[in-house]
Structures are given as structure tokens and as C-alpha cells.
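**Q** Dropping a prediction and its sequence here:
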Number of protein chains: 2
Amino acid sequence: MPVVTVTGSVGSAGGGKGRRERLRAETTAEIKKVALALMASGGPDAITLRAIAREMGMTANAIYGYFPARDDLVTTLINDVYTALADAVDAAWEAAPVTDPAARIEAWANAFRTWALVNPQGFRLIYGDPVPGYQAPEGGPAPDAARRVCTGLTALAAAAWPHTQHLYEGSTFDWSDFDPGLLDKVRPAFPDLPPAAVALALRMWGHLHGLVSLEVYGHLRTQTTSPQKLFLEELGQLIKMLGIPRGR
Amino acid sequence: MPVVTVTGSVGSAGGGKGRRERLRAETTAEIKKVALALMASGGPDAITLRAIAREMGMTANAIYGYFPARDDLVTTLINDVYTALADAVDAAWEAAPVTDPAARIEAWANAFRTWALVNPQGFRLIYGDPVPGYQAPEGGPAPDAARRVCTGLTALAAAAWPHTQHLYEGSTFDWSDFDPGLLDKVRPAFPDLPPAAVALALRMWGHLHGLVSLEVYGHLRTQTTSPQKLFLEELGQLIKMLGIPRGR
DNA sequence: GCAGTTACTTCACACCGTATAGTTTTCGCA
DNA sequence: TGCGAAAACTATACGGTGTGAAGTAACTGC
């Protein structure tokens, strides 16, 4: 199962920018790699500068040469992990046939849940309170990856829209109800889509995020013995609600 | 707006169990009160024994006379806060007319979201990664309150079930798919309810939790400018999906 | 070959939970 | 009323955390 890989990997051939910068890039990558490994084994709390440095045979303060503060490292990690999640759901979406919108929704959603269950600590890092005193930067720690997820969801909603739009007759949604940055991505890709369809996409996000989040944080474990079944039921009802005809 | 109150409040008339125990109960209540105040202003991270003690003019170690460890204090706080949440949604549910299931759903859901927006730190404490290294006890930190929330949701689903059950024809849900502890509460209260209705209740939980959680953690802020509108849309579509006839 | 930049270490400080030992206050009972 | 026990609390200490200031060693470009 492909977990999270580090951007700007440790591979040898740096862009010929000189030995110094290549070493620097490699060390940066190793810091991130070690941090992700610590997170995978001990949760986001385990991401501490001292533990990373210990693992690398360095002093904690050495890391300050690569990241101005711990929060910047965490922000970078969130970006990497969120990007990996976006990659996973995008890949699953693309692998399903364009002619079968229901299958694409199922592929997207199952990839989302599977990724979360395989990388629960990554999910907590992205969507929960990550490390102790972390303060996310203005505009969120990983705006691009979040946009990709939302755009992907909007693609799902767009494919379903011909069958679903009758549910949104008399909708009061307006373009001004959404963030311009999101619309910049969405409106060019789907010129005919009304604002209500974007609301539908966000609602779908809420549905899936809610169940997966309850499961990852263990709140479902004390209620149901088969969250998988519950999730599949959710998917079935979602597709039924959207009115998408099944089969190819 | 009623925030969280401490159980066993600081009021004077203790049960006549002697001055010693009364003082002890008062101190315990004050510890919790101060901890909740710290949480409200600085987030769950701010709940530190030393900060509490500082605020109370004590030493941090004095708290060990009241709670065996920090995690036990946190567990108690989660219990109190979760109970306050359950009280809030239950009260809203009861205030709506029994004859209008849609209104009861709206009341429950709006109370849930409102409580979360008024007490975002409490929401994080209950549903997120609370304080740094916190380990929840076996069976969850607040099993009773969680049960109450689920039972309340099941009551909503039960009221809607006559209109909704046709969506669950051919459902494969079985009583063994759910936790016995939940069923002990639910089946006596709603003897005619099939397992699929409990699944519906958990799905509704997921839908509401997902949107509220995304909003509380700020993931919605970068996508939509009016999460309130989105939530109300969710409610409208939920009731439409459930097939409940509107009006009185 | 040497000056300057970079990488890194050392020391320090304030904060955290918590274990141990010691001190003070209070209660129950003869 | 006085005294022994228990309870409440403090003092000290240890290892953990992020981070700032200062110092040292290595590498790079001229």
C-alpha cells in the first residue's frame, strides 16, 4: 500500500545546483521522511524536533537551519500528506470508467476511506488537531491539496448533476457563497454547473468526511461492529439519492 | 448561551458528609472549572496541571490528590463536556413538537451545530485529538454521553422510519452489526425498529458530524463563505431524503 | 590561501507530567 | 482536651518539549 512519499526525494541527481544545495535538499528530505515515520508509528504527537534529530544523529537545533520553526515543518508535512491523499483519490477516480459516474463516486469514496484507514495518523494530521501547539498559517496549511479534493468532489457532483438537479430546484445558492479560489478552479472546468452543484459537492464531502472521521477517531467502534458495511450503505444511498442510473 | 457547567457544583450545601469531604468536592469542582476555562480560552492544549495549579494558587502536584493522573482529569472533562452537549441536543429535541418529526430533526441538528460553534474547543476535546499525549480509557472516555447522542439520533430515525423504510428494502443489516450496549438502550425504546434504522441513525450522525467538524476545524472556511447556508441545505435535503411530509 | 558563508553544537531558559520525600493542617476518638 | 493518624499540600528532582544566543568547524568562491 503506497503510503506517503516525500517530495523532492533523496535521489542522487540534484539539478546540478552544486553539492551544497544537493546536500541541503537531501537533509531536508530526510527530516521529512523521519518525521513521517515518527508520525506513522506514534501519531502526530511524536513529531518532535528532538526525536527527529535523535533519529538522524543530530542536535535538535540543527533542524532550525532547514525550517524556521517546528510549525513550519508541520505545515510542510501536512502539505505532503494532504497531497498524497489527493493523489490517491484522484488516481482511483481516474481509474474508474468515465461512462459510469456511480463507479467513479464509489472509487473516489472508497479510496478516501481506505487511505484514511491505512494512514490514520496522516488523517489526524490533516483534519484534526495535529501536534500540540500547532497554529496553521493563514489560508490553511495545504490550500492546494484541499482545493484538489474539493475540485475532485465537484467533478463527481458535476457528473451526477443531470440526474440530481431536480432536487435543487428553487435553490438559493449563489456564486458569492463560495470562495473565489475554489471557483477559479471549478468554473472553468465545468462551465455549465450552477452554484447549487458546488454545494452538493461540499455536502458529499461532509457525508464522507463525517463517517470516516468518526471511524478513524474510534467513535464508531463503540456503536457498530462493521463500519465498512455502514460506509458501503452510505455509498449506496448516496448514489440512489443522486439518482444516477446504475450499470454501465 | 449556556456553556459547560461543572457537575457537583461549588454550591455550599454538600450532602452533610462532613467538612473534609465538602472541601474536597469543592476543590475538585474548582479544578474542573479552571480547566474548562483554560480550555475555552486556549484550546484543549492549554489544559495543563501546572496552569491549573497556577490559577488556583497551588502546586501542580496538589492536583494528584484529586486525580491520579492528567489523563483522568481529561477523561472527566470529556465526560462533563460531552454530557453538556447531549443535554443541549436532548433539550432542543424535546422542545420541538412530537407531532412534527422534521422540526425535531432540525432542532436536534441545529442545536448540535450551534453548541459546536459556541464551544469549538469542547468539540475538539470530545471528537478530536484532545491534549498532547492523551490516551482514552477502554470503551471510550464518555460512553454514556456518546450513547445518549446515538440514542437521540435513533429516536429521530425512528420517527422518520415509516416514511423512510422503503429506501432500505433488501437491507442486509443485522442486529449483530451493532454494539450490544447501544442496542440495550435502543431496542427497548423502539421495539419495532429494524437494524437498518439504526444504520440510518449512524449515517445521519456521520452527515451532521462531517459538516460541523469540517466547519469547526476551519476546513470549510476556505471553500464557502456561508457554512450556515450549507448546513441548512443539508438539513432540508436530509428531511426530503427521509420522505417526511412537512408542515405540522 | 584566505575570507565568508553555511552547518552544526553547546548552553540556556521556560514549559510540561510526574515520582519521591517531607511538611503542615485537620479530623476522630479516648 | 490532647494525641495519633490521615489527609492536603509543598519542595525537589528527572526527563521530556520548543527555541534563542553564542561559539566552532567545515566547505566554497575568489
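**A** Okay, I see it. Note that the coordinates shown come from a computational prediction; the quantities given were computed from them, not determined experimentally. Numbering: from 1, shown residues only, chains lettered A, B, ... in the order given.

**Q** What residues does chain A have near DNA strand D?
**A** A:18-20, A:47-51, A:60-61, A:64, A:69-71 (Cβ under 7 Å from any atom of the strand). Just so you know, the C-beta spots here come from the backbone N, C-alpha and C atoms, and that holds for glycine as well.

**Q** between those, which has the most around it?
**A** Ranked by the number of neighbours (other Cβ atoms under 10 Å in any protein chain shown), the residues of chain A next to DNA strand D place A:Ile47 first, at 25 neighbours.

**Q** shaky segments in chain A?
**A** Residues of chain A meeting the criterion pLDDT under 70: A:1-17, A:247-248.

**Q** Show me where it has its helices.
**A** Counting by DSSP state H, one finds helices in chain A at the ranges A:19-42, A:49-56, A:70-95, A:101-118, A:120-127, A:143-164, A:180-189, A:195-216, A:227-242.

**Q** what angle separates the fifth one from helix A:70-95?
**A** Interaxial angle, helix A:120-127 versus helix A:70-95 (axes from the mean of the first three to the mean of the last three Cα atoms, to 10 degrees): 110 degrees.

**Q** quick one: contacts for the residue lying closest to A:Leu182 once chain neighbours are set aside?
**A** Leaving out its chain neighbours, the residue that sits closest to A:Leu182 by Cβ to Cβ, 6 or more residues apart in numbering or on different chains is B:Gln223, at 5.3 Å. Applying Cβ atoms under 8 Å, 6 or more residues apart in numbering or on different chains to B:Gln223 gives the contacts A:146, A:150, A:178-179, A:182, A:202.

**Q** and if we set it to 7 Å?
**A** Residues near B:Gln223 by Cβ atoms under 7 Å, 6 or more residues apart in numbering or on different chains: A:150, A:178-179, A:182, A:202.

**Q** Kindly report the same for A:Thr225.
**A** By Cβ under 7 Å, 6+ apart, the contact list for A:Thr225 reads B:176-179.

**Q** just the residues you listed that are near chain A?
**A** Under the cut-off given by Cβ under 7 Å from any Cβ of the partner chain, chain A has B:176-179 from the contacts of A:Thr225 close to it.

**Q** May I see the contacts of B:Gln223 arranged in TSV, with distance to B:Pro195 and neighbour count as well?
**A** Shown next, in TSV, are the contacts of B:Gln223 (distance: Cβ to Cβ, whole Å; neighbours: other Cβ atoms under 10 Å in any protein chain shown):
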residue	distance to B:Pro195	neighbour count
A:Cys150	34	26
A:Phe178	39	23
A:Asp179	41	19
A:Leu182	39	21
A:Leu202	30	25
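
**Q** which among those gets closest to DNA strand D?
**A** Nearest to DNA strand D among the contacts of B:Gln223 is A:Asp179, at 29.1 Å by Cβ to the nearest atom of the strand.

**Q** now, which of the contacts of B:Gln223 sits nearest A:Glu215?
**A** A:Leu202 (20.4 Å; Cβ to Cβ).

**Q** Quick check: that closest one touching B:Leu230?
**A** Yes: between A:Leu202 and B:Leu230 there is a contact under Cβ atoms under 7 Å: 5.8 Å.

**Q** quick one, phi/psi of A:Gly243?
**A** Main-chain torsions, A:Gly243, degrees, to the nearest 10: phi 80, psi 20.

**Q** pretty sure it contacts A:Thr164?
**A** Yes: with contact defined as Cβ under 7 Å, A:Gly243 and A:Thr164 form a contacting pair (5.5 Å).

**Q** Please work out which residue of chain A is closest to chain B.
**A** Scanning chain A for the residue nearest chain B gives A:Gly210, at 2.4 Å (criterion: Cβ to the nearest Cβ).

**Q** Now chain A against DNA strand C: closest residue?
**A** Nearest residue of chain A to DNA strand C, counting by Cβ to the nearest atom of the strand: A:Thr59, 3.2 Å away.

**Q** Using PDB, list the CA coordinates for stretch A:131-141.
**A** Listed next in PDB are the C-alpha coordinates belonging to stretch A:131-141 (Å, rounded to 0.1, in the frame of the first residue of the first chain):
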ATOM      1  CA  VAL A 131       0.700  18.500  17.100                       C
ATOM      2  CA  PRO A 132       0.300  20.200  20.500                       C
ATOM      3  CA  GLY A 133       0.500  23.900  20.000                       C
ATOM      4  CA  TYR A 134       0.400  24.000  16.200                       C
ATOM      5  CA  GLN A 135      -1.000  27.100  14.600                       C
ATOM      6  CA  ALA A 136      -2.000  26.700  10.900                       C
ATOM      7  CA  PRO A 137      -0.900  29.600   8.700                       C
ATOM      8  CA  GLU A 138      -3.300  32.000   7.100                       C
ATOM      9  CA  GLY A 139      -5.400  30.300   4.400                       C
ATOM     10  CA  GLY A 140      -4.800  26.800   5.800                       C
ATOM     11  CA  PRO A 141      -1.700  24.600   5.800                       C
END
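
**Q** how about the residues of chain A near DNA strand C?
**A** Counting by Cβ under 7 Å from any atom of the strand, chain A comes close to DNA strand C at A:20, A:23-24, A:27, A:53, A:57-59, A:61-62, A:65-66.

**Q** Just the buried subset of those residues, please.
**A** A:27, A:53, A:58, A:66 (16 or more other Cβ atoms under 10 Å in any protein chain shown).

**Q** need those in JSON lines with distance to A:Gly218, can you?
**A** Output for those, formatted as JSON lines (distance: Cβ to Cβ, whole Å):
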{"residue": "A:Thr27", "distance to A:Gly218": "36"}
{"residue": "A:Ala53", "distance to A:Gly218": "31"}
{"residue": "A:Met58", "distance to A:Gly218": "35"}
{"residue": "A:Tyr66", "distance to A:Gly218": "34"}
